[in-house]
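1. I need the structure of the sequence given here:
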Amino acid sequence: MGMTPGLKRYELRSGLGSETLVRRGLMEELGEAGQLRITPDLNVIKLGGHGAIDYGRSVMHPLSAELGELSRTDDLLVVTGGGARVRHIMDVGIDLGMPTGVLAELSAKISEQNATMVALLLSEWGGTRIHQDDLLELPTLIRLGQLPVIHGTPPYGLYEHPARAGGIPPHRTDTGAFLIAEVLGARSCILGKNVDGLYSADPRTHPDAELIEDIRADEVIAMNLDDLVLERMVLELMQTAVHIRELRIVNCHVPGNITAAVRGEPIGTVIRA
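-> Residues are numbered from 1 along each chain as shown. Okay, the predicted model is just below:
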């Protein structure tokens, strides 16, 4: 692009100083950046609102005890989903014609409420409610013996990508947990659900559905299942991930499953990039 005659651009000396940052081939030329992994020993544990928290005391009290004891030996970050209340606010908002970004803002408030309750359940083990601005404080918090809890709604807010069909935000709390793990360079990302993993069909309506123990993200996309145990956006993001090249889905209603997943034992479903 041309410049106005007689005007001089004052440049800062930089390797990228003359780049537009959108030139084709630039990323390949830059190569592997060797990005810092902020918390390489961290295990990101997502607790679904619909799959865990909404079940109340019967599920959350033993699960909280398991997470608390596990945090004594392993670095954990607990990420909360929204659940039934998110589904209700989405239903009302869609009926009123709310934009996708507004629905994302509203649903975030529900998962924040769940984060507060889960942090209190974990208070015996140092449960600490944190916000997105606190993520860079995780190394310090964990060394101080805290068990951090954060809500999983990604921080797009009003900038949430409009869905191609319908108004439901495509980036929700599974996606948020994955993005947190990826940005922090975490050791693992584990999604706690109310089923044993990914099945060939919905096991609630298809009793003969088979549990898939190990599969690639692109293979799951190609299956084009009517329903999935995780958000489809996670599968898209996994294919270009740098740090989180696999995630695990486990039934967190079964005591010991989260611990087994953190220990790397074969349980649930592993989805690989």
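2. Provide a list of residues in contact with the residue nearest the centre of the chain.
-> Geometric centre of the chain, nearest residue: residue 177, 1.6 Å, by CA atoms, centre = their mean. Residue 177 is in contact with 44, 46, 79, 152, 189, 191, counting by CB atoms under 8 Å, 6 or more residues apart in numbering. From N, CA and C alone the C-beta is placed, and that goes for glycine too.
3. Going by distance to residue 247, which of those wins?
-> residue 189 (4.4 Å; CB to CB).
4. circling back: save the contacts of residue 177 as CSV, and put in distance to residue 144 and secondary structure too.
-> Formatted as CSV, the contacts of residue 177 follow (distance: CB to CB, whole Å; DSSP: H, G, I helix; E, B strand; the rest coil):
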residue, distance to residue 144, secondary structure
44, 19, strand
46, 23, strand
79, 20, strand
152, 23, coil
189, 23, strand
191, 27, strand
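5. Include distance to residue 212, neighbour count and pLDDT when you put these into CSV, please.
-> CSV is the format used below for the contacts of residue 177 (distance: CB to CB, whole Å; neighbours: other CB atoms under 10 Å; pLDDT from 0 to 100):
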residue, distance to residue 212, neighbour count, pLDDT
44, 22, 27, 98
46, 19, 29, 98
79, 23, 30, 98
152, 24, 28, 96
189, 18, 28, 98
191, 14, 30, 98
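6. Can you verify my assumption that residue 146 contacts residue 129?
-> No. With contacts counted by CB atoms under 8 Å, residue 146 stays clear of residue 129, the gap being 10.3 Å.
7. Would you confirm that residue 63 belongs to a helix?
-> Yes. Residue 63 forms part of a helix when assessed by DSSP: H, G, I helix; E, B strand; the rest coil.
8. Neighbours of it, how many?
-> Residue 63 is flanked by 26 other residues according to other CB atoms under 10 Å.
9. Do you know the pLDDT at the nearest residue to it once chain neighbours are set aside?
-> Nearest residue to residue 63 in three dimensions, chain neighbours excluded: residue 252, at 5.8 Å (CB to CB, 6 or more residues apart in numbering). Residue 252 is assigned 97 on the pLDDT scale.
10. Before I go, just wanted to say thanks for your time.
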